[in-house]
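**Student:** Sequence first, then the predicted structure, then my questions.
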Amino acid sequence: MDTERLSKWADLLLDTGKRNNLINFKDSKQGTIEIVAPDFNILFEKAEHSAVFEVYDPRIDSDEDDVDADDYDEQQELQSKQSYITSYAGRLKRNQILLYNVANKPMQALKNIGRRAKTAIEETGVNIAYIAFGFIHWTESDDSRIELRAPILLAPIAIENQSAVEPYYVRVLDDDIIVNPTFTYKLHNEYGIELPEYDEDEGIEKYLADVSSLLTRLKWTITTECKIGIFSFLKINMYKDLKENTAKIANNSSIRALLGEISSWDETNSEEVKAIDLSALHNVVDADSSQAEAIEAAKKGKSFVLQGPPGTGKSQTITNIIAECLMDGKKVLFVSEKLAALNVVYNKLKKVGLEEFCLELHSHKANKKQVIEELCRTLRLQKSGVSDKAEKELKIMQDAQRQLDAYAVELHKIRPNINKTLYQLYEEVSACRSAEDISFVIQDIKDKGESYIDTAENLLNRYTGYIASVGFDYRKNLWYGYINTDSSYQSVMKLKEDLQSVISLNCSLSEISKDVKAAYGVSANTISEAMSINRFFELAGRSEFLTPSLFNLAVTGDVTQTVKRLQIIAKDILQYKSILDGGSRQRNSCFVARRRKEAQKERNPTTFIGVGRFGTDLKTLLFNVSFERQHISQFGN
């Protein structure tokens, strides 16, 4: 059992050095005040009965109304302590006190002490403002010439002020007047002297006389001074607990674990909490799954640390843990360094009707009288029962839990192919919530697995690397469509020669295109357009009928109609040729009849007019061809 480390922890809590004003009290301009009137014995007797003292302020005295505030402060600084007492002590009224400090600005020091005490109460719930009655003047050794002072008795006070025009009041609280615990401990440890507890029946004079007799052999003296200041000695109680109950504390499994001792504590507290039946818990405020896990762990007596940033529900969890322990008939000690944390949990318990089970201790409100009154009030309370609606609410909660459990199972089920849970997938999608939405359908996505995703991700990463050179839309790149993967030197040089030839061709085509546009008003913007124009000019060069006049807009329509008729006649000629090559007479008759009807529909005197014989039909058809050719020639001329 490592009690040595436990002893070191205790020593770190205790400050018996000369920096502690409970050991070495020093007057300061803003932190201490002396009560110089009324008399010490009268003041102490009133303090024993929780008196309220009005602070006499010379600046608002009727005789000083005509004195400027700055002049008054200057006069006070030049005034000695004795002359100050002589000037104002006789003006005190009933229950008034006269204050003095080394800077002759006692009111400023009083306000400062009041502010510091108020802040301490708001943050920690502990009062640190006291009146010190009587001081021991002591030295560290017989040869030392440095005299130190330590207060003997301490009475807790509250400094009150209603408004700027109202006087300040010093109210002695109902708590007991205590003996300086830090100096008492120093005397006991270093000098073997035990200061007696103060007995109200004996009085202050008898008590100081007894203390003086104990210190005679040390040649220390006692003075009857009254000082108001800030005194903090809370850690002395923790120190005493650690020193006086070392064996009991060291046997605690949690303490042994903190001391680094390996025990069964590690195994019992490392077990995972299994699925929790929420209906078995008695939560009084809302709790999520992680909070319910902590409540279950506390219910089983496990030791753990519950941590999280502000607003994550720690106080709610503590409230539910306390309610659960109350249901199991346990007692709970809830300790916090900050009073605000205690108030938050207390208010939550009060809101759900459990304030009768709460007793405030170790705060400025927890004096003996209030504790006894609270215990009496709780004992006299009537018993209360559970509402009939509880069963219905319990069933609703059980149904909700089943739904949530089923949802959790589906959420954390491993999905085939992808080998991930929906929770993991949602997490990955959420990580990309700032990315732009893209509408893209992946075929058979249910069959795609991690390998597909890895391949796609790899390709996309490669694509993003090419964007700088290829461009976002690769289809607009000049090299789009080039699929030759041969990157050898010969291939590169061949490609370079081809490109140079293409460039030279483009330059030539560009010059020709300018000439064609100037001559005929036709432009070629691409190679394919240039090739089309070239084929047209080749055709025009071989043709007997294509002349520039044919492309006059005024006759283009007639030329087009004539060409269409020639197409029909050409088709007929081909059919006649087929007949001549071996067709039947019957088919010839059908053909002649069909052509006669077509001629009648066209009503064109130059069109074929059928006669009874096949030879005449063919002769007429050839005549029509000659006529149409002459017609086109007329347009060309």
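**Tutor:** Perfect, thanks for sending it. Residues are numbered from 1 along each chain as shown.
**Student:** C-alpha from now on. contacts and neighbour counts both.
**Tutor:** Noted.
**Student:** Could you report the neighbour count for the residue nearest to Leu339 when sequence neighbours are not counted?
**Tutor:** Excluding its sequence neighbours, the residue lying closest to Leu339 (Cα to Cα, 6 or more residues apart in numbering) is Thr124, at 4.6 Å. For Thr124, the count of nearby residues is 19 (other Cα atoms under 10 Å).
**Student:** Hmm, Thr124 is touching Leu342, no?
**Tutor:** No - using Cα atoms under 8 Å, Thr124 is not in contact with Leu342, being 9.4 Å away.
**Student:** still on that earlier bit, contacts only, for the residue nearest to Leu339.
**Tutor:** Glu337, Lys338, Leu339, Ala340, Ser363 (Cα atoms under 8 Å, 6 or more residues apart in numbering).
**Student:** What is the burial count for Met327?
**Tutor:** Using other Cα under 10 Å, Met327 is surrounded by 11 other residues.
**Student:** Check which helices and strands the helix or strand hosting Ala155 is in contact with.
**Tutor:** For Ala155, the element it lies in under DSSP states H and E is strand 148-160. Secondary-structure packing of strand 148-160 (3 or more Cα pairs under 8 Å, 6 or more residues apart in numbering; DSSP states H and E): helix 106-124, strand 129-138, strand 169-172, strand 178-179.
**Student:** just checking, what packs against the last one?
**Tutor:** Strand 178-179 makes packing contacts with strand 148-160 when contacts are defined by 3+ Cα pairs under 8 Å, 6+ apart.
**Student:** For the strand it packs on, what is the distance to the chain centroid?
**Tutor:** 46 Å (Cα atoms, centre = their mean, to the nearest Å).
**Student:** Next: stretch 482-493.
**Tutor:** 55 Å.
**Student:** What is the burial count for Met238?
**Tutor:** 14.
**Student:** pretty sure it is in a strand, no?
**Tutor:** No - counting by DSSP: H, G, I helix; E, B strand; the rest coil, one finds Met238 to be helix, located in no strand.
**Student:** how close does it get to Arg19?
**Tutor:** 20 Å (Cα to Cα, to the nearest Å).
**Student:** now, which of the contacts of Thr124 sits nearest Phe183?
**Tutor:** Each of those was scored against Phe183 by Cα to Cα, and Ser363 proved nearest at 22.6 Å.
**Student:** okay, the closest one: pLDDT?
**Tutor:** pLDDT, Ser363: 64.
**Student:** tilt between the strand holding Ala155 and helix 106-124?
**Tutor:** For strand 148-160 against helix 106-124, the angle by axes from the mean of the first three to the mean of the last three Cα atoms, to 10 degrees is 80 degrees.
**Student:** And the contacts of strand 148-160?
**Tutor:** So strand 148-160 is in contact with 21-26, 47, 110, 114, 127-139, 168-173, 175-180, 183, going by Cα under 8 Å, 6+ apart.
**Student:** Could you list the paired strands of it along with their orientation?
**Tutor:** Strand 148-160 has the following sheet partners, assigned by DSSP bridges: strand 129-138 (antiparallel), strand 169-172 (antiparallel), strand 178-179 (antiparallel).
**Student:** And these: which comes nearest Arg542?
**Tutor:** strand 129-138 (122.2 Å).
**Student:** contact partners of the closest one?
**Tutor:** For strand 129-138, with Cα under 8 Å, 6+ apart as the criterion, the contacting residues are 44, 113-114, 117, 147-158, 208, 219-231.
**Student:** Those residues, buried ones only, as a ChimeraX selection?
**Tutor:** Only the buried entries of those go into this ChimeraX selection, using 16 or more other Cα atoms under 10 Å:
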select :44,113,114,117,148,149,150,151,152,153,154,155,156,157,158,208,220,222,224,225,226,227,228,229,230,231
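**Student:** Is the residue nearest the centre of the chain in a helix, a strand, or coil?
**Tutor:** Central residue of the chain (Cα atoms, centre = their mean): Pro309, 8.7 Å from the mean position. Under three-state DSSP, Pro309 falls in the coil class.
**Student:** Surely Thr182 touches Thr16?
**Tutor:** Yes - in this structure, Thr182 is within contact of Thr16 by Cα under 8 Å, at 6.8 Å.
**Student:** which residues are common contacts for those two?
**Tutor:** In contact with both Thr182 and Thr16: Ile23, using Cα under 8 Å, 6+ apart.
**Student:** Which one of these two is surrounded by more residues?
**Tutor:** Thr182 (23 against 16).
**Student:** List the contacts of that one.
**Tutor:** Contact analysis of Thr182 by Cα under 8 Å, 6+ apart lists Asp15, Thr16, Leu22, Ile23, Phe233, Ile236.
**Student:** try 7 Å this time
**Tutor:** Contact partners of Thr182, counting by Cα atoms under 7 Å, 6 or more residues apart in numbering, are Thr16, Leu22, Phe233, Ile236.
**Student:** And the furthest pair within these?
**Tutor:** Longest span within those, Cα to Cα: Leu22 and Ile236, 11.5 Å.
**Student:** Between the two, which is the more surrounded one?
**Tutor:** Leu22 (25 against 17).
**Student:** Ignoring the adjacent residues along the chain, who's closest to Lys514?
**Tutor:** Closest residue in space to Lys514, ignoring its immediate chain neighbours: Ser523 at 7.3 Å, by Cα to Cα, 6+ apart.
**Student:** helix, strand or coil for the one you found?
**Tutor:** From three-state DSSP, the assignment for Ser523 is coil.
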